[in-house]
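S.K.: okay, predicted coordinates and the sequence, questions at the end:
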Amino acid sequence: MLIPFNKPYLSGKETDYIREATLSGKISGDGMFTKRCHQYFEQRYDFHKCLLTTSCTDALEMAAILLNIQPGDEVIMPSFTFVSTANAFVLRGARIVFADSEAHTPNLDACRLESLITVRTKAIVVVHYAGMACDMDPIMALARKHGLYIVEDAAQAIDSFYKGRPLGSIGHLAAFSFHETKNIISGEGGMLVINDAQFDQRAEIIREKGTNRSAFFRGEVDKYGWVDIGSSFLPSEIIAAFLFAQLENLDRIQQRRKAIWQQYDAGLGKLAQQGWLSLPQVPAYATNNGHLYYVVCRNLSERARLIEYMREAGILTVFHYLSLHQSSFYAQQHDGRSLPHSDHYSDCLLRLPLYYELEDGQVQWIVDKMEQFFQTIQRLEVIGLNKE
């Protein structure tokens with residue numbers, strides 16, 4: 001039995017819709033399937049305005065341009081995140097101020113944010129790790145108090161909520177991912193969500209290479225030209241058609257993914273009670289969208305041994321982010337603060353396989369293998385041979 005970490009799920013309609021898009025005679029961006037996707041998100045989650053992009057990275061880069069990030073501006077974000085979160089703002093000349101994670105979740109610690117704010121701070125980027133919400137009320141209060149913008153990196157957070165509000169609808173801007181590892185996929189793909197109407201018109205221009213082409217096609221101007229900076233951020237209709245087939249099956253996909261998540265959580269509870277590892281904690285203000293299931297091992301060495309043990313059993317488990325403040329690219333620009341929780345997750349967090357077609361029996365087998373591993377560790381500790 002070989003169990004990969006991820007397996008893209010196809011609903012069955014993807015190729016039908018791609019064919020329909022092809023036969024329509026328009027396969028470049030902003031055709032009928034793009035409009036259907038925009039309408040779906042705006043109606044289901046009450047997002048003010050949605051724009052599909054070629055990736056979540058592109059959506060974040062658009063956000064940085066919309067916020068007019070300039071050299072010397074400071075942007076606060078978690079160190080425990082993917083490089084795209086930081087790159088989007090570094091490209092505009094920003095200095096990144098990294099925040100530590102919470103002790104009980106990989107999300108940034110909202111209680112310690114205000115001490116990081118200076119007169120140069122322009123934005124805070126929150127990352128909803130594993131689709132579980134950051135504590136947004138105090139973060140938005142800080143934004144109002146200090147005149148800051150909030151960007152939600154909601155790459156993993158589709159169909160997840162904070163106190164009943166959809167993630168991606170709270171900050172001024174938000175970015176989603178439809179990469180093949182996400183709940184809803186289009187191979188590569190993303191979306192910018194605009195919740196502040198002041199950015200509506202410019203977002204369209206930036207997405208269309210700095211032109212007012214979108215307004216031209218709506219008949220609002222008699223010709224279009226170069227009016228701002230921008231790039232080619234919009235995806236083709238092929239990508240949008242694939243995505244729409246996934247969206248039609250969102251509820252079914254979510255139901256299965258959350259069932260797998262719950263099976264892991266119940267099955268690994270004994271190991272957590274015995275202190276071998278920690279399981280994800282879902283804060284009372286958040287929901288779980290079944291994006292990924294992770295455990296936190298006791299130390300780096302034990303995680304490495306567990307990864308190898310599972311690999312030999314035919315199960316691919318993987319670690320996640322390396323703290324960005326420790327990266328070879330940015331370490332010298334970090335202000336030197338210790339971020340112990342971020343480093344702890346970098347060293348000890350382990351992700352387990354989770355995809356739609358993962359069977360209950362396979363989940364149980366993964367749980368059984370993890371129990372066997374820690375039984376071996378326990379025996380070694382009893383005889384004094386377990387060393388980091």
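M.R.: Great, that's in hand.
S.K.: what residue ranges in this structure score low on pLDDT?
M.R.: 1, 382-388 (pLDDT under 70).
S.K.: redo that, cut-off 90
M.R.: Residues of the chain meeting the criterion pLDDT under 90: 1, 212-224, 320, 377-388.
S.K.: per the annotation, how does it divide into domains?
M.R.: Following automatic domain parsing, one finds the domains of the chain at 14-247, 250-382.
S.K.: could you say which of those is packed most deeply?
M.R.: domain 14-247 (a mean of 20; mean count of other CB atoms under 10 Å). (Glycine included, C-beta is placed from N, CA and C.)
S.K.: skipping adjacent residues, who's closest to residue 26 in space?
M.R.: In this structure, residue 26 finds its nearest non-sequential neighbour in residue 237, 6.2 Å apart by CB to CB, 6 or more residues apart in numbering.
S.K.: the helices in the stretch 251-388 of the chain, which residues?
M.R.: 269-273, 300-312, 340-348, 360-382 (DSSP state H, counting those that start in this stretch).
S.K.: so which of those helices gets nearest residue 110?
M.R.: Nearest of the helices of the stretch 251-388 of the chain to residue 110, taken as CB to CB: helix 340-348 at 13.1 Å.
S.K.: just put the domains of the chain in a markdown table and tack on distance to residue 3.
M.R.: Converted to a markdown table, those look like this (distance: least, CB to CB, whole Å):
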| stretch | distance to residue 3 |
| --- | --- |
| domain 14-247 | 15 |
| domain 250-382 | 5 |
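S.K.: please enumerate the strands of the stretch 151-300 of the chain.
M.R.: 161-162, 165-166, 173-177, 190-194, 277-278, 293-297 (DSSP state E, counting those that start in this stretch).
S.K.: with distance to residue 225 as added columns, please give those in TSV.
M.R.: Listed next are the strands of the stretch 151-300 of the chain as TSV, based on distance: least, CB to CB, whole Å:
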stretch	distance to residue 225
strand 161-162	41
strand 165-166	36
strand 173-177	26
strand 190-194	23
strand 277-278	56
strand 293-297	49
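S.K.: list the residues that contact the closest residue to residue 223 other than its chain neighbours.
M.R.: Distance criterion CB to CB, 6+ apart; nearest residue to residue 223, sequence neighbours excluded, is residue 216 at 6.5 Å. By CB atoms under 8 Å, 6 or more residues apart in numbering, the contact set of residue 216 is 222, 223, 224.
S.K.: and the residues you listed, which is closest to residue 161?
M.R.: Among those, and counting by CB to CB, the member closest to residue 161 is residue 224, at 38.6 Å.
S.K.: list the contacts for that closest one?
M.R.: 211, 212, 213, 215, 216.
S.K.: how near is the closest residue to the first one other than its chain neighbours to residue 30?
M.R.: Yep, that's residue 211 we're talking about. Spatial nearest neighbour of residue 211, chain neighbours left out: residue 224 (5.2 Å); criterion: CB to CB, 6+ apart. Between residue 224 and residue 30 the computed distance is 13 Å (CB to CB, to the nearest Å).
S.K.: residue 370 now?
M.R.: Residue 370 is 47 Å from residue 30, by CB to CB.
S.K.: now do the contacts for the residue nearest to residue 307 when sequence neighbours are not counted.
M.R.: In this structure, residue 307 finds its nearest non-sequential neighbour in residue 317, 5.5 Å apart by CB to CB, 6+ apart. Neighbouring residues of residue 317 by CB under 8 Å, 6+ apart: 5, 306, 307, 310, 311, 350, 351, 352, 353.
S.K.: need the residues you listed in JSON lines (columns: distance to residue 132).
M.R.: Rendered in JSON lines, the data for those read as follows (distance: CB to CB, whole Å):
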{"residue": "5", "distance to residue 132": "20"}
{"residue": "306", "distance to residue 132": "23"}
{"residue": "307", "distance to residue 132": "23"}
{"residue": "310", "distance to residue 132": "24"}
{"residue": "311", "distance to residue 132": "27"}
{"residue": "350", "distance to residue 132": "17"}
{"residue": "351", "distance to residue 132": "14"}
{"residue": "352", "distance to residue 132": "16"}
{"residue": "353", "distance to residue 132": "19"}
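S.K.: pick the one among the residues you listed closest to residue 92.
M.R.: Closest to residue 92, out of all of the contacts of residue 317 and judged by CB to CB, is residue 351, at 30.8 Å.
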